[in-house]
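Student: Quick one, fold the following:
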Amino acid sequence: MAADLSFGSVPPIYREIYDIVCPNQEQVDRDMFVNLLVKSSLPKITLMQIWDAVDNKTGFLSRTGLYKALALTALAQQGKAINDKLLESYSDSELPKPVLGDLSDLKSLSLRVRRNKNPNILGYTYQELLELDTVDVNLVPEKKGIILKHVEYEVTSQKYKTTVLRRYTDFVVFYDLLIQRYPYRLIPRLPPKKMNTSREFIEHRRKCLKRFVVLVVRHPVMADDRLLKFFLTFNGSDMHHKIKDHFRGMPDEFMTNDNSINSKDLVPMDTQLQLSNAKEHIRVLYRSVNVLKEIANRMVLRSTGYASDMLSLGKELSNIGNNTTPVSTWQTGSNQTWHLLKTGFKKLAVDFAVLADKSHTQASKFDENVLEKMNLFLDLIAAYRDLCERNEKGVLQEHQRALQKMGQYKKKQMTANLQGTEGQTEQLESRILQQESQISNMENRNYFSLHCLQIETQLVHANLEVVHQTLENMTVIECQAHTELAQVWMTIKPSVESILPTTRSNGSISPTSPTSPIGPGSAPVFPGIIL
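Tutor: Numbering: from 1, shown residues only. Here you go, the predicted model:
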């Protein structure tokens, strides 16, 4: 029967379900199996009978065991008894298909079960992080305010299907609340507050705010938090006061996370060594990506400069073509070059405007799909460095201060015992007990912060794929841009050649010349350009 269940008679939906609940081809977890069967809407006693029929007493199911359970579920939905022998009639045909409703939530359920089984593993791919939400931040065209003008931003979330208006002060309050709620997580920085109304500054701030929101919504812990949902969905006025009032007194993650109780068990013995290595690795990575970003920025500036040069070139050709200064035969004699150049240059101005437009488009694409993605990754690493600093200056230092204070109390207690001051001794004993409780709490926080640091380090690595994505985007944009520019230049070439008579001057490059980049009968060849 195992062979029948594993091969020819297995419906595609069986394999689809197995791939969802076991993407790494491992055994099926019992908790996951129970959650799967609940979707069948069968009575609890029937589900227990199905489990008893396939249970191999290990707490897990093999692929064959899952297929058998699915077949028995389908039979039970048809009103038949749970009996292995009923499956024998399907040996030469396809097994029955159970009705389990929409399977879209099954994938997220499977991921959640697997992550809960191993809290020391992040368990998210880069693509899964992207799927948490897609957000955008755009400028509202008009500045608000009667006397003091301020800029508003339109924040859009695909997850919540909302568009809300936010001011910079709303982002600041939201950031402060995130730091209070998640002191041991990666919280990206906000752009600094400056009184600058220049177009360039406002656009730069918009990009920074977008990267901030993107990193927050793509954080697996914060993605479903009420605080984030409020920021993305609240549509009323006075946002920064409302969100503060709504979440005043909100406990931090340590107080609400199930793993905080046993966080000591989640911290490996070599965590400090591993953390030190990770910080050095990420420091080197930050330096390298920052160099790549500077190169990308110079590439954007070159494309923008090229666009400006081509526009100026076309403008000057147009000026020559539209020149109305009287020119007579007294100046030209029998030479017609000036008249021919005027006519030809006038037509060429349009082609150079096309070059400028294509180069400007290239710069815009490069800025959005290469430079901004690099900035996003650098913002993530900057948040990681801030987290490490908070850990060193916050939890660890507070723990050390508490231990020092405990030492002082015990020293005073010994002195009081020697002096025989009973009242002071009792008071010190009470303080020592309180301090011990505080130290215990701090030790748990310290372990929890170290556990979070391990997961946040893995989050940085999960986002490393964006570095490859930027290089891939760079390649596509450059190939497309150079191809399009080459095509325009090839259109310009015959137009330029036709301006003057076909007699070629000594300074021209012949198509068949050894120095010519264009061979006879072949496509133009430019170094570094793919056509």
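
Student: could you list every residue that touches Glu94?
Tutor: Under the criterion of CB atoms under 8 Å, 6 or more residues apart in numbering, the neighbours of Glu94 are 9-11. Every residue, glycine included, has its C-beta placed from N, CA and C.

Student: Kindly reformat these as a markdown table containing secondary structure, pLDDT and neighbour count.
Tutor: Rendered in a markdown table, the data for these read as follows (DSSP: H, G, I helix; E, B strand; the rest coil; pLDDT from 0 to 100; neighbours: other CB atoms under 10 Å):
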| residue | secondary structure | pLDDT | neighbour count |
| --- | --- | --- | --- |
| Ser9 | coil | 76 | 18 |
| Val10 | coil | 85 | 19 |
| Pro11 | coil | 87 | 17 |
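
Student: Let me know the helix or strand that the residue lying farthest from the centre of the chain is in.
Tutor: Counting by CA atoms, centre = their mean, the extreme residue of the chain relative to its mean C-alpha position is Trp330, 70.6 Å from that point. With secondary structure defined by DSSP states H and E, Trp330 is part of helix 329-332.

Student: ditto for Val137
Tutor: Assigned by DSSP H and E, Val137 falls in strand 135-139.

Student: Adjacent strands (with direction) for that strand?
Tutor: When pairs are called by DSSP bridges, strand 135-139 turns out to pair with strand 152-157 (antiparallel).

Student: Next, the angle from the following helix or strand past the partner strand to strand 152-157.
Tutor: Going down the chain from strand 152-157, the next helix or strand is strand 162-167, by DSSP H and E. If you take axes from the mean of the first three to the mean of the last three CA atoms, to 10 degrees, strand 162-167 sits at 150 degrees to strand 152-157.

Student: Give me the buried positions along strand 162-167.
Tutor: Of the residues in strand 162-167, those buried under the neighbour-count criterion (16 or more other CB atoms under 10 Å) are 164, 166-167.

Student: Over to stretch 186-204?
Tutor: Neighbour-count burial for stretch 186-204, counted by 16+ other CB under 10 Å, picks out 186-188, 190-191.

Student: Likewise for stretch 33-45?
Tutor: Across stretch 33-45, burial judged by 16+ other CB under 10 Å covers 33, 35-37, 39-40, 42.

Student: go on, stretch 172-181?
Tutor: By neighbour count, with 16+ other CB under 10 Å as the criterion, the buried positions of stretch 172-181 are 173-175, 177-178, 181.

Student: List the residue ranges of the stretch 401-531 of the chain that fall below the pLDDT cut-off.
Tutor: Where the stretch 401-531 of the chain drops to pLDDT under 70, the residues are 401-441, 502-531.

Student: Apply 90 and report the result again.
Tutor: Of all residues in the stretch 401-531 of the chain, those with pLDDT under 90 make up the ranges 401-447, 500-531.

Student: what do you get for the stretch 51-200 of the chain?
Tutor: In the stretch 51-200 of the chain (pLDDT under 90), the answer is 51-72, 74-76, 80-97, 99-119, 123-124, 128, 141-151, 192-200.

Student: which stretches of it form helices?
Tutor: Assigned helices in the stretch 51-200 of the chain, in chain order: 63-77, 104-117, 126-130, 168-181, 199-217 (criterion: DSSP state H, counting those that start in this stretch).

Student: Please consider this matter closed, and thank you.
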